[in-house]
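> could you work out the structure for the sequence below:
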Amino acid sequence: MSTTLLHAARAFTPVTEIPDAAILFRDGVIETIGPRAAVTLPAGAREIIATDKIATPGFLDVHIHGAGGHDVMEATGDALRAVSRMVANHGTTSFVATTATASTESICRSAEGIAGYISRQHHSDDCRADVLGIHFEGPFISSVRRGVHPKEFLKLPSADLLEQFVAAAKGNAQILTIAPELLGAMPCIDAARKAGLVVAIGHTDATYEQARAAIARGAHHAVHVYNAMRPFSHRDSGVIGAVLTTPEVTAELIADGVHVDETAMRLLLQAKGAAGVILVSDGISATGMPDGKYTLGTFEVTVSGGVARNTEGKLAGSTLTLDRALRNIVTLGVPLPDALRMLTLNPATLLGIEFKKGSLRPGSDADILLLDDSLNVTQTWTRGLTG
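Take a look at the predicted model:
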């Protein structure tokens, strides 16, 4: 039985700050967190003194395609381990593996491979991020707002096709991105909700009314807001207007300084508040790697200066890591507890696992980060394991 008592200068749960904090975790689960003076070192426990560091929950990424030179759609153990280890180095302790639009066969094959990896991952004894499930980003998206998703594989929303994807995921389907203006979208949303998926609006040319209709059917998340969406205007507020003015809809934000202008980020943050924004990476296989050619799903992209584009020059995901997203958001003036919430508690709540992930609380997984004063990750624990 492995027991560790960690001391930190302060801990963010993230909603509560605990000065001079102590976190006791045993066999990968947090037992106690509180002021240092109130927590006793058990016999035989390891004690770690990090009184110059900040302790936070590990980050949770609900939209990531790859890292470390590998794409999640490769769906092999080697590929998913490489992604999981790379992002753990940057503070991401769990993520939802995100597929891109491809042939039905490719999506199903990837879902089956990812599901197999998930069933085996906890047999490991090293520090790597947990794969929590699968996010199907496509093929039920708009040809007008498809971004870099291959046009030839786009499909109208279909409950029957979704059932194939869900079956291939073997209980691990978590999120579906859908364009609500497409024919068949509403029955497909109904089917997704019945299957227990989070329904996300994205890659869409929807009007305000069409977006609101999807929200009324149970869609309550929005994928990389502003990007691949019908533009906002004062006479046609569109899907962005619906997202900004509907409190129950959470909004993804890629805070890399490339995908969204600083002023637009501020507007989103002010409109949604700290509880309504989820920071995501939309990271691709090039994350953590030098410039060059990489894959996103089944197609090639080129990374130059850390920015990924396809052959048409369109942005193709990002090379953002969530520790950098944290620093970027704090630089905008967002208080640290609020910024941390957007990376931890909010995505965990979206997935309905806020009592297991995304918080430092008794009973939750010991997914813990130590940050220095510049908000760089200095140490990561995933389920109590560290590198």
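> ok, residue 184 - contacts?
The contact partners of residue 184, by CB atoms under 8 Å, 6 or more residues apart in numbering, come to 156-159. C-beta: built from backbone N, CA, C; applies to glycine.
> my read is that residue 174 contacts residue 134, right?
Yes - the criterion here is CB atoms under 8 Å, and residue 174 meets it with residue 134 at 6.0 Å.
> anything in contact with each of the two?
Both residue 174 and residue 134 are in contact with residue 96, where contact means CB under 8 Å, 6+ apart.
> of the two, give the one with the bigger neighbour count.
Residue environment comparison for residue 174 versus residue 134 gives the larger neighbour count to residue 134, 29 against 21, counting by other CB atoms under 10 Å.
> ok, the helix or strand where the more buried one lies: who's next to it in the sheet?
Counting by DSSP states H and E, the element that carries residue 134 is strand 130-137. For strand 130-137, the paired strands and their directions (DSSP bridges) read strand 92-99 (parallel), strand 173-178 (parallel).
> minimum distance to residue 142: which of these has it?
Proximity of the strands paired with strand 130-137 to residue 142 was assessed by CB to CB; the nearest stretch is strand 173-178, lying at 9.7 Å.
> export the closest one to PDB, keeping only CA atoms.
Once side chains and other backbone atoms are set aside, the C-alpha atoms of strand 173-178 remain, and they are given as PDB (Å, rounded to 0.1, in the frame of the first residue of the first chain):
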ATOM      1  CA  ALA A 173     -18.200   7.200 -26.300                       C
ATOM      2  CA  GLN A 174     -18.300  10.500 -24.500                       C
ATOM      3  CA  ILE A 175     -18.900  13.500 -26.800                       C
ATOM      4  CA  LEU A 176     -20.400  14.000 -30.200                       C
ATOM      5  CA  THR A 177     -19.800  17.100 -32.300                       C
ATOM      6  CA  ILE A 178     -22.700  18.000 -34.600                       C
END
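> so what touches it?
62, 96, 98, 111, 132-138, 140-141, 157, 162, 165-166, 185, 188-189, 192, 195-204, 214, 219, 221, 223, 351.
> can we see that at 7 Å?
Contacts of strand 173-178 from elsewhere in the structure, counted by CB atoms under 7 Å, 6 or more residues apart in numbering, are 62, 96, 132-138, 140-141, 157, 162, 165-166, 185, 188-189, 192, 195, 197-203, 223, 351.
> sitting in helices, which of those residues do you find?
162, 165-166, 185, 188-189, 192, 351 (DSSP state H).
> including distance to residue 47 and neighbour count, could these go into CSV?
Compiled in CSV, the ones in helices among the contacts of strand 173-178 are given as follows (distance: CB to CB, whole Å; neighbours: other CB atoms under 10 Å):
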residue, distance to residue 47, neighbour count
162, 50, 23
165, 47, 23
166, 46, 22
185, 55, 25
188, 53, 24
189, 51, 27
192, 47, 28
351, 33, 19
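> now residue 289: how far from residue 66?
When CB to CB, to the nearest Å is the yardstick, residue 289 and residue 66 sit 10 Å from each other.
> more neighbours: the two, which one.
Neighbours per residue, other CB under 10 Å: of residue 289 and residue 66, the larger number sits with residue 66, 32 against 18.
> please compute how far the lengthiest strand in the chain lies from its chain's middle.
Of all the segments of type strand in the chain, defined by DSSP state E, the longest one is strand 46-57. Relative to its chain's centre, strand 46-57 lies at 25 Å (CA atoms, centre = their mean, to the nearest Å).
> any idea of the angle that strand forms with strand 92-99?
Computed with axes from the mean of the first three to the mean of the last three CA atoms, to 10 degrees, the direction of strand 46-57 lies at 50 degrees from that of strand 92-99.
> strand 46-57 packs against which elements?
For strand 46-57, the helices and strands in contact under the criterion 3 or more CB pairs under 7 Å, 6 or more residues apart in numbering; DSSP states H and E are strand 3-12, strand 368-371.
> pLDDT of the longest one, averaged?
Same thing as strand 3-12. For strand 3-12, the per-residue pLDDT values average out at 97.
> rewinding a little: let me see the mean pLDDT of the strand holding residue 134.
Mean predicted lDDT for strand 130-137 stands at 98.
> wait, what's in contact with residue 375?
Applying CB under 7 Å, 6+ apart to residue 375 gives the contacts 326-327, 330.
> if any of the residues you listed are buried, give me the ChimeraX selection for them.
To isolate in ChimeraX the members of the contacts of residue 375 that are buried, counting by 16 or more other CB atoms under 10 Å, one can use:
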select :326
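> work out for me the element residue 19 sits within.
Counting by DSSP H and E, the element that carries residue 19 is strand 17-26.
> average model confidence for that strand?
Rounded mean pLDDT across strand 17-26 is 97.
> so in that sheet, which strands flank it, and in what orientation?
Here, using DSSP bridges, strand 17-26 pairs with strand 3-12 (antiparallel), strand 29-35 (antiparallel).
> mind listing what's buried in the last one?
The neighbour-count check on strand 29-35 (16+ other CB under 10 Å) flags 30-33 as buried.
> tell me the secondary structure at the residue of the chain most remote from its centre.
Of all residues in the chain, residue 43 sits farthest from the chain's C-alpha centroid, using CA atoms, centre = their mean; the distance is 37.8 Å. The three-state assignment at residue 43 reads coil, by DSSP: H, G, I helix; E, B strand; the rest coil.
> dihedrals phi and psi, it?
Dihedral pair for residue 43: phi -60, psi 130, per degrees, to the nearest 10.
> perfect, that will be all.
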